[in-house]
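1. dropping the sequence and predicted coords here.
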Amino acid sequence: MGIDAELRRLAGELGADFYGVADLTPVRGVVVEQGGEMLAEYDRAISVGIRMVDEIVDLLPGHRDELAVATGYLRHCYDVINNRLDEMTSRLAGVLQREGMKAMPITAAERHDDVGIRAVFSNKIAARLAGLGWVGKSCLLVTPAVGPRVRWASVLTVAPLQPTGSPLEEACGSCAECVEICPTGAFTGRAFREEEPREARYDARACETYLKRIREETGWGVCGLCVAACPHGRRAT
């Protein structure tokens, strides 16, 4: 079994609903700008995703302020899935390391830049370049099958893995449900453009401030409305 097939098989056994390999060469400058020179050598990224629990996501629009729904969303759609993804990327990186190939697992949730509100690497970039979805007006990675109802993690590597695809054509069209449902107006409604900064589409600080406020008020506040509103995700339930 070749290394590509072995990695895909292992990811599937560990529960990945989505798997792809991205060629990072076209976005090397963006990767280095976000994560620094330590990421400059990596030209491939393995992207893995796990689907959120639809029954919980579907309750968010009318019940996200209720304890059972809020804690269920935080626990099962974030904490548990993030832990599963981190275990998965660690195992995948271990396979590459045993083959003598450098690999760096990227966590599903941690960030290193509190000013820019960013992680060291964008898991969304990897998933997009691997052909697993497109960036929607919510700045989330939207998959054809289940919309944005997926959590992502990545493994950066120098292994000569075969890329699995290319960015999908954006399929949001005139839909703006994620923009309209946002309680803070954090989205401008602009379609994704590779050459534009994230700020042209999304005010991350407004989103974070809102979440911090409702958590201080309730102790368990969540949002997730943009995830729940996307028609691509709702059709899958």
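-> Happy to help now that I have it. Numbering: from 1, shown residues only.

2. any regions of this protein where pLDDT drops low?
-> Low-confidence segments of the chain (pLDDT under 70): 1, 112-117, 236-237.

3. quick one, helices of it?
-> 3-13, 28-35, 54-57, 60-63, 67-74, 80-98, 123-129, 177-181, 204-218, 225-229, 231-234 (DSSP state H).

4. ranking the ones you listed by burial, who's on top?
-> Comparing the helices of the chain by mean neighbour count (mean count of other CB atoms under 10 Å), helix 123-129 comes out on top with a mean of 25. (Each C-beta comes from the backbone N, C-alpha and C, glycine too.)

5. contacts for that one?
-> For helix 123-129, contacts defined as CB atoms under 8 Å, 6 or more residues apart in numbering pick out 18, 20, 22-24, 26-27, 30-31, 45-47, 49, 106, 108, 133-135, 139-141, 152-154, 163, 166-168.

6. enumerate every residue touching R201.
-> Each residue near R201 by CB under 8 Å, 6+ apart is listed here: 137, 139, 187-190, 192.

7. which one (most neighbours) among those?
-> K137 (25 neighbours; other CB atoms under 10 Å).

8. need the contact list for L14.
-> By CB under 8 Å, 6+ apart, the contact set of L14 is 84, 87-88, 91.

9. quick revisit: export the helices of the chain as CSV, with columns for distance to E196.
-> CSV is the format used below for these (distance: least, CB to CB, whole Å):
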stretch, distance to E196
helix 3-13, 32
helix 28-35, 12
helix 54-57, 28
helix 60-63, 29
helix 67-74, 30
helix 80-98, 28
helix 123-129, 14
helix 177-181, 16
helix 204-218, 15
helix 225-229, 19
helix 231-234, 22
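
10. ok, which of the ones you listed comes nearest V158?
-> With CB to CB, the closest approach to V158 among those belongs to helix 80-98: 8.8 Å.

11. what packs against the closest one?
-> Where contact means 3 or more CB pairs under 8 Å, 6 or more residues apart in numbering; DSSP states H and E, helix 80-98 is packed against helix 3-13, strand 44-51, strand 103-106, strand 150-157.

12. so what's G147 bridging to?
-> Beta-bridge pairing for G147 (DSSP bridges): T143.

13. so how far is P167 from it?
-> Counting by CB to CB, to the nearest Å, the gap from G147 to P167 is 17 Å.

14. neighbour-wise, which of the two wins?
-> Higher neighbour count among G147 and P167: G147, with 27 against 19, using other CB under 10 Å.

15. my guess is that one contacts P231, does it?
-> Yes. With contact defined as CB atoms under 8 Å, G147 and P231 form a contacting pair (7.3 Å).

16. G36: how many residues sit nearby?
-> For G36, the neighbour count with other CB under 10 Å is 11.

17. which residues touch it?
-> Contacts of G36 by CB under 8 Å, 6+ apart are V120.

18. so how far is V120 from it?
-> The gap separating G36 from V120 is 8 Å, by CB to CB.

19. cool, I81 as well?
-> In this structure, I81 and V120 are 20 Å apart, going by CB to CB.

20. same thing with C226?
-> Here C226 is placed at a distance of 24 Å from V120 (CB to CB).

21. next one: A145
-> From A145 to V120 the distance is 28 Å (CB to CB).

22. excluding its backbone neighbours, what's nearest T89?
-> Excluding its sequence neighbours, the residue lying closest to T89 (CB to CB, 6 or more residues apart in numbering) is P105, at 3.7 Å.

23. how far away is R91 from I81?
-> From R91 across to I81, the span is 16 Å (CB to CB).

24. likewise V158?
-> With CB to CB as the criterion, V158 and I81 are 28 Å apart.

25. ok, now R201?
-> To I81, R201 is 25 Å away according to CB to CB.

26. what does C207 give?
-> Distance from C207 to I81, by CB to CB: 20 Å.
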